[in-house]
Structure formats: C-alpha cells, structure tokens
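Asker: I need the structure of the sequence given here:
(one chain, ligands or ions: 1)
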Amino acid sequence: TRSLAGLAALLQDLELEAIPEFPSADLLRQPIDIFHAYLADVLCQLVGCDPQKAYDAIQPANTTGNGDLDIVLPKLKLPGGPDLQDLAADLVKRFPSTHPLFAIPFKDGIHVRFFLSPKILPRVLLPYILDRGPSYGIPHTPPHPQPHSVNNNGNPNPSTPPPSPPPEPEPEPKKLLVEFSSPNLGQEFRTDHLRSTILGAFVANVHEAMGWQVVRVNYLGDWGKHIGLLGLGWMRYVGEEEGAAGGGGGGGGGGGGDAFRRVQEIYGRMEDEVKPHLAAKRRKAAAGGEGFDGEDEEEDGIFAERDRAFKRLEDGDGQAVELWEKLRHVSVDYYAGQYRRMGVTFDDYSGESLVCRNPEAVAKAEKLLREKGVSQLADDGSLVIDFSQHEAARWGQATLRAKDGLTTYFLRDVATVLDRLEDYSFDRLIYVVGEQDLHFRQVFKAVELLGRPDVAKRLHHLTFTRGPPQWGDEHILGDILDRCEEYVATAVAVAAADNPDQVPRTAPADLKTMAVNSLVVHELNTRNKAHTIGLDVEMLTATEGETGLGLQFAYVRLCHRIEQLQPRSEAAAGEGGSGGGAGAGADFASLWEAPWIELLRLLVRFPAVTTVAYKSLEPGPVLGYLFQVVEELGYCLEDVEEEEEEDAAEGSGAAAAAGSTRAARLLLFKGTRQVLENGMRLLNITPVGGS
Ligand code: ARG
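Answerer: Okay, here's the model as predicted:
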C-alpha cells in the first residue's frame, strides 16, 4: 500500500528483501510487526522450522529492559525436544552479526532477546507515526477533526499524500452498548458514579478506536421506592408552598441548576426523616434475634407512605406521573450540562423507568421467567428467583416483585436487557458499575435461565472499588467540577508565577479543560488503590509526576520546544512538513543514543498498549505508558535545555546543534506529541496549550 511505499525504498537501501509475508503481521498498525516478520524469516532459516511457527514463537518484549523482541524457544515446539538453553546460546552465536535491523541478541534462559537497531528505528518509526497521525495506535479514528490532523488536510502541497484510507472495506462494525455513570434522581452523585463516568468514557472510546459502533447509555435511577420518597417530599414541602403542579421548573431561572438543587434538597430532607425509622427497625430486629430484612415489613408510617407513592407511579396515576416527569426533566437537563463540561456525551438517558413505563417490556421478562419455571411465589407473596433451584445456589435468591406487587431494581435490570436487545441488537453490553457484583451475576443468570444464554454471554460487568461515598465535601456533580476548577486554577497560577514558560497560556476555557483532565487522572489513579481515598488534593493538583497537570505541563513543554525547533519557512507554511516529507535533511544519527533512542523504543510500543487496554478494559496501561513517555521525554528535553544553556554561556548566539540534528529532534518530538495526544484522547483527556 501507499503508506509502506517509503518504507520499501528504505528497505532497498538496506539491501533487505521485501517484508516477508505473515498473515498475522499487522504492518499498517504495528510497526514492530515489520521487524517481527524479518526476525521470523531469519529464525526459520536458522532452525529449519515452519515460518509461521517461527513467527508465533516471537513476541514483543514485556518491558523495555528486556529488549524489543523476544524469541520464546519452547513455543517453537521443535521435534526431538532439543536442549533449549543450548539452542538459545547457539542461536545467539549464529545470528548474523551484521543484520541491518537488529543489534546482536542476548540469551536469557530459554529466551533470545533482541534490540532493534538504533540506526534503523528512527528512520522506520518516525515517518510511520507521522503518516498515521491520529490513527497511530488507534486504527479507527472518529470522524471529528483532531488538533494536529487538521494540518495535513489543509496542506495545499499536492505532492504530500493524504492520510491513507483504511485498507479494505471493513466488515459490519460490531455494536457495543456501554452503560455508565447512572446516578439516582434526588440522591447525591457519589464517588462511584464519578469513577463510572470516567471509566465508561474510556471503555466507549477504546471500542470506537477498535472499530466498534458504540452507544453510550446513562441508566438513571429514575424509578423505584426512592422516587416515591422524593414525590412524597415534593408534595409535602413544595406542594404546600407552590401548589402541586408548580414546583419543577419554578425553582428559579438558574439554567436548571437551582431547580436541580431544590430536588436534591427535598430528597435530603426526606432521607433525614427516614433515618431514625430505619435505625429503630434495626434495633427491633436485633432485639428480637432476627436478621434485619430491610424496611419492607412496615405496615404504615413513612415507609408505607413512600411505597404507596411509588405504587401510584407504577399504576400510572396521572398526577404522580406528571410530577415524576417534571423532576426527571430537571435532573436530565442538569446532568447533560455537567457531563458536557467533562466532554462526556450520552446517546440515551433511558434509565430504570423505561421498561416500567412500557408495561409490556416488564411483562415479557416475567412471562419468560414464569414459562421456564424460573420464578416462584414466595411464602410472603413476593415473586422471587431461588437460584439454588437452578443449579446456581451461590447466586442466592433475588426478588422480582415485592409482596405489594412493586417492581424491583433486579426485575428492571432483567427486563431492560431484553428491551435493549430489541432496540439495539447489541453484540456486547458492558455495565460500568462500582461493586454490585452479586446483583449483576444474578441478572446475567436470570437472562440465561429465561432462555437467552446467547444474550447472557454478551453481558459484562466492569466493576471497581467504590471508595468513600463523597468526593471531598461535594454532593453533586457540578460542585465537584467547580471545586476541581478552583483547585486547579490555584495550582496553575502558582506554577505560572514560578515558571511562566512551562505553563499553558490559559484562557479560562483551557483551565476548565485542565481541571477535568486532572480529575480524570486523579480518579484513574485512586480507583482500585484504596477504599479511603475520595479526594486527594495533592494528587489532583501536583504539577509534576503522575498527575493530570504533570501530563499537561509535559505536553506544553513539548509543544513549546516543537515550535522553537520548527524552521521558520516551514512554520510560516502552516506546519506542512509533518506529513509526507518527513525526514528530509534530518540527521538520525543524533538519535542513536539514550535518551533519544529510549524514547523511540517507547513510541514503537504504543499500538500494543492500546490493544492491551482494549482487551483488558483497563485504562491503567495507557496512563502508565503515557507517564513513561513523559519521563523519557523529560530527559530529552533536559538535554536540549542544557545545550542551550551552554550555548548561552559561550555566547555563540546560534544554536550549537546542527540544523540536521534539530530536524531529527523535531520529528521525534512531533511523533511523541502525536502519541501523547492519541493516548490522552483514549482516556477522554483533551490536552490544551498546544500551538
Ligand atoms: N443507579 C445505580 C446506583 O446508583 C447504578 C445503576 C447501575 N446499573 C444497572 N444496570 N443496575 O447505584
């Protein structure tokens, strides 16, 4: 293809044959596979085995300390079971010492490890990355323009090829439904909702990157007994003051925020009212030597009142529904605005209410469960699934309908699966929800038992540690973001006073973006680490190290350096050289040593990192990788800065580094910037302060 054309010329220069063909080599996505293919070719000649076997026995090194490629000898499955230690030593000895692509290998037990030749790596990799641009490591880039891809498109120079089109017509993309964030109406926005938002955005992005069609769903907690409680409170406090129908939008013209706060406040009042009743019940149960079984036993009092209010809603009572719609609208409105601040969008805010407002959807799930003999009536009149009767005792028992006939969280989830299947016919449905592990196992099992094991297999619960309920002292998403902006603005102002060059030129809008970036990294760092961390201000605001601002500042420092290295003519032409003509006049020999070559060795790994992130649904590897790049980049930038200082001391005026060296560094820095941007984009981080 066109993109490998430049490469072919280079390989000819090196007197190498065309790239050996292997079906599993993904040459257009993974530059390491070019080296992999040549190595396999040599290997099969040296040991006389099948070429594909040789290819499969080679893998990218697990860490950069172990080289770049690794032959795992047992994987060759050689006949006669030769001594692998001997074989390793023998291979090292017989490997052609003048091979243009590899340095001399070394033996490590039953591994033979290879470093890519520093002489070749920059020449292959930098044009490769700059040609791929936003798709390097991210095979499927979403259609909206990315910061640095625009330059290529706007380039009037007809000799520069446009970014290459996708190789073949793609098969029908697979469809992912990812459900995340999902706060409850009236209740606070907890740390787990925040983490789910950030993790869910990543899961969606990484699937899009790999060519999936993605639907983002917010499953609002907009149905259930707590909604009964909220309605009760509204009637009691607002209904009296403003008339039952008056409340919703009437909370003040504050763009929905005031009305939303009003809803939260009312719910909070009701919760306070309920608390002592709950405590009393718990005490009673303990005194009677019985287990506490929730509050369902209550015949009258606040719980019964709440349940009656919810029942009116389930029965479709006009007034109850009207009020519910109003409260829901206020909340969705508010949340949509806050998610926008985070750069997160949802295609659908359907929520728990969806299946209940369409009685057929719930009825269908119940009918299937009944017909398959899965559900049963318990002694107290509630409808349950006893998993022990279905060879799944460890999933215990789950209630579909309470004895008063009200639907449960569990039933709504089961019915929603079927409903979504009809609406979206998804290939995969991922729930990004902190904890609730047993709940989801029960839901998935119920889907299987009602006759859809094929669908149950497509369901996946991405769980994580919840942390404390509250993020700092904040109860609602907008306040979390506000607080974050305050912290970050202060930290940036302090840093700017110390070191104006290293800090992004910040318009207020950029500060807001940086605050969100910091929050994203903070949450990715704290989740799974400790139960105790909600907000760690130090981690949120440190401008160095593995933090959002650390990443951001490194990016800015890099952009400044790129601007500075840019030849004037090229800068004036709108950075036209970042695409096709990469490499003209560059002296790559200046990149053969550390730290430069180490940075290159990291950049070549990026596509493998995104693959791991995709397969594991873990953003950790991407974040960790970005920090590795930033660290190595820091050494390179320091080198440049030191040179500059020496120059200044000698008073030579001009830069000491030759133009050809500067050109090579410029390419490396542009490649690095591209990798940082691509990685950040995957995490829903938008770097600011670039040129
Ligand atoms: N609203 C729930 C909560 O706040 C989370 C919803 C999780 N998703 C689901 N399909 N059950 O805990």
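Asker: hey, let's count contacts and neighbours off CA atoms from now on
Answerer: Noted.
Asker: so who does residue 404 touch?
Answerer: Taking Cα atoms under 8 Å, 6 or more residues apart in numbering as the contact definition, residue 404 lies against 381, 382.
Asker: That one should be in a helix, yeah?
Answerer: No: when the secondary structure is assigned by DSSP: H, G, I helix; E, B strand; the rest coil, residue 404 falls in coil instead of a helix.
Asker: any idea how far the ligand is from it?
Answerer: 22 Å (Cα to the nearest ligand atom, to the nearest Å).
Asker: Could I get the phi/psi values of that residue?
Answerer: phi -90, psi 10 (degrees, to the nearest 10).
Asker: Quick check: bridge partners of residue 175?
Answerer: For residue 175, the beta-bridge partners are residue 213 (DSSP bridges).
Asker: I'd like the numbering to begin with 693 instead of 1 from here.
Answerer: From this message on, residue numbering opens at 693, which makes the last subject residue 867.
Asker: For it, report the pLDDT, please.
Answerer: Here the pLDDT value assigned to residue 867 is 97.
Asker: Repeat that for residue 1292.
Answerer: Predicted confidence (pLDDT) for residue 1292: 98.
Asker: now do residue 796
Answerer: Among the per-residue scores, residue 796 holds a pLDDT of 89.
Asker: Spit out the contact partners of the residue nearest to residue 776 when sequence neighbours are not counted.
Answerer: The spatial neighbour of residue 776 that comes closest, neighbours along the chain excluded (Cα to Cα, 6 or more residues apart in numbering), is residue 802 at 5.8 Å. Shown in contact with residue 802 (Cα under 8 Å, 6+ apart): 764, 765, 766, 776, 777, 780.
Asker: which one among these gets closest to the ligand?
Answerer: The closest of the contacts of residue 802 to the ligand turns out to be residue 764 (Cα to the nearest ligand atom; 43.2 Å).
Asker: The closest one: neighbouring residues, count only.
Answerer: Other residues within reach of residue 764, judged by other Cα atoms under 10 Å, total 20.
Asker: can I assume it is in contact with residue 750?
Answerer: Yes: Residue 764 lies in contact with residue 750 (Cα atoms under 8 Å); the separation is 6.1 Å.
Asker: Which segments of this protein make up each domain?
Answerer: Domain ranges of the chain: 694-809, 917-1023, 1169-1374, per automatic domain parsing.
Asker: Just tell me which of those ends up closest to residue 897.
Answerer: Shortest separation from residue 897 across the domains of the chain is recorded for domain 1169-1374, at 5.6 Å, computed as Cα to Cα.
Asker: what about the residue in the stretch 893-1042 of the chain positioned nearest to the ligand, how many neighbours?
Answerer: Of all residues in the stretch 893-1042 of the chain, residue 913 sits closest to the ligand, at 4.3 Å by Cα to the nearest ligand atom. With neighbours defined by other Cα under 10 Å, the count for residue 913 comes to 20.
Asker: residues contacting whichever residue of the stretch 943-1092 of the chain sits closest to the ligand?
Answerer: Proximity of the stretch 943-1092 of the chain to the ligand (Cα to the nearest ligand atom) peaks at residue 1044, 7.9 Å away. For residue 1044, the residues meeting the contact criterion (Cα under 8 Å, 6+ apart) are 911, 912, 913, 914, 915, 1101, 1104, 1105, 1108.
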